[in-house]
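[1] How does the following fold in three dimensions:
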Amino acid sequence: MKRSLSLTIGASLVGLVAVLALVSFFWMPFDPNHVDPASRLLPPSWPHIMGTDHLGLDIFSRILAGARICLLVGVIAVGIGALVGVPLGLIAGFAKGWFPKFVLRTADIIYAFPALLLAILLAAANGHGSVVTAMVAIGISSVPAFIRVARAATLQVVNQDFILAARTSATPKYTIALQHILPNIAPVVLVQSSVSFGLAILAEAALSYLGLSAPPTTVTWGRMLFDAQSYLFSDANLALWPGLFIALTVLGCNLLGDGLREVLDPRLQEVR
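    Below is the predicted model of the structure:
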């Protein structure tokens, strides 16, 4: 099968961010929080290959440190959305009665509370914003998408002959769900996870920019953009790198999702 160009580019961009995050655990050229007033606002040069900010902080080191939070938020937020949304969507598509309607109506209500609003509510309840608050808010806001995707895929699978055969052979419902339905909807869930990963990163960057995520001592790309806004016209280099990496990461996740859909969905595969 010919590999999708979107899949290749998307996987490369996401892989780049993953490599940066892994490298940051073992090596960074400078302490990302070490203030050096004598080196403030340096242009890209050696040894500061991306320059320094208004406090003399090395931008490349902060990009490496920010990649950790980027991946952490994406993994945890998508994990919350998938672990909660997929089982509910599977039940809503497979079961009968009042429960599926209740799940769908609850998902509609959660849609009314975007990640930003949920983060504000959780920060107010907690007394301050944090990375955990942001991850929980983003994860909860992604649950409805997983519910609807899993339910739609389940409705397609339950009409297949092998599900009817399993039912007529008195196979327990939970066995049918785990052994027959879940493996068949897994590709659709994987695609949704990739797309939600990019949305989670973008949402965390927005929350960090607004001060509703990580504290100032925790390096995030959104926080770097907030710190760079005062120097946007005098030294655009400060906003260039975090903005570029946010854009490339989100683009990579979206391309990866499109590529996975093209590869895993038999209806979109080329007929040879």
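[2] any idea how far residue 118 is from the residue most central in space within the chain?
    Central residue of the chain (C-alpha atoms, centre = their mean): residue 197, 2.0 Å from the mean position. Using C-beta to C-beta, to the nearest Å, residue 197 is found at 18 Å from residue 118. No exception for glycine: its C-beta is placed from N, CA and C like everyone else's.
[3] is it true that residue 137 touches residue 118?
    Yes - using C-beta atoms under 8 Å, residue 137 is in contact with residue 118, at 3.8 Å.
[4] what's near enough to touch residue 69?
    Going by C-beta atoms under 8 Å, 6 or more residues apart in numbering, residue 69 touches 131, 204, 214, 218-221.
[5] now those residues in a markdown table, with secondary structure and distance to residue 172?
    Listed next are the contacts of residue 69 as a markdown table, based on DSSP: H, G, I helix; E, B strand; the rest coil; distance: C-beta to C-beta, whole Å:
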| residue | secondary structure | distance to residue 172 |
| --- | --- | --- |
| 131 | helix | 41 |
| 204 | helix | 40 |
| 214 | coil | 45 |
| 218 | coil | 47 |
| 219 | coil | 50 |
| 220 | coil | 46 |
| 221 | helix | 47 |
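[6] if we take those residues, which one ends up nearest to residue 168?
    Nearest to residue 168 among the contacts of residue 69 is residue 204, at 47.9 Å by C-beta to C-beta.
[7] ok, now how distant is the residue nearest to residue 45 when sequence neighbours are not counted from residue 6?
    What sits nearest to residue 45 in space, not counting adjacent residues and going by C-beta to C-beta, 6 or more residues apart in numbering, is residue 51, at 7.4 Å. As for residue 51, its distance to residue 6 is 32 Å (criterion: C-beta to C-beta).
[8] and the nearest residue to residue 28 once chain neighbours are set aside, what pLDDT?
    Using C-beta to C-beta, 6+ apart and skipping the chain neighbours, the partner closest in space to residue 28 is residue 61 (4.7 Å). pLDDT recorded at residue 61 is 92.
[9] residues contacting residue 61?
    28-32.
[10] ok, residue 125 - how many residues close by?
    8 (other C-beta atoms under 10 Å).
[11] which is the next helix or strand following the helix or strand harbouring it?
    Residue 125 belongs to helix 115-126 when elements are defined using DSSP states H and E. Once the chain leaves helix 115-126, the next helix or strand it forms, by DSSP H and E, is helix 131-157.
[12] so how far is whichever strand or helix holds residue 13 from its chain's centroid?
    Element membership for residue 13 (DSSP H and E) is helix 5-26. Distance of helix 5-26 from its chain centroid, counting by C-alpha atoms, centre = their mean, to the nearest Å, is 14 Å.
[13] Show me which residues of it are buried.
    6-7, 9-11, 13-14, 17, 20-21, 24 (16 or more other C-beta atoms under 10 Å).
[14] same thing with stretch 186-202?
    Of the residues in stretch 186-202, 187-189, 191-202 count as buried by neighbour count, 16+ other C-beta under 10 Å.
[15] From residue 261, how far off is residue 147?
    Between residue 147 and residue 261 the computed distance is 19 Å (C-beta to C-beta).
[16] Over to residue 133?
    32 Å.
[17] what's near enough to touch residue 202?
    Here residue 202 is in contact with 246, 250 (criterion: C-beta under 8 Å, 6+ apart).
[18] 36 is where my numbering starts, stick with that
    In the new numbering, first residue 36, that becomes residue 237.
[19] what's the helix or strand for it?
    Assessed by DSSP H and E, residue 237 sits inside helix 217-244.
[20] Just after that helix, pick out the following helix or strand.
    Next along the chain after helix 217-244, taking DSSP H and E as the criterion, comes helix 256-263.
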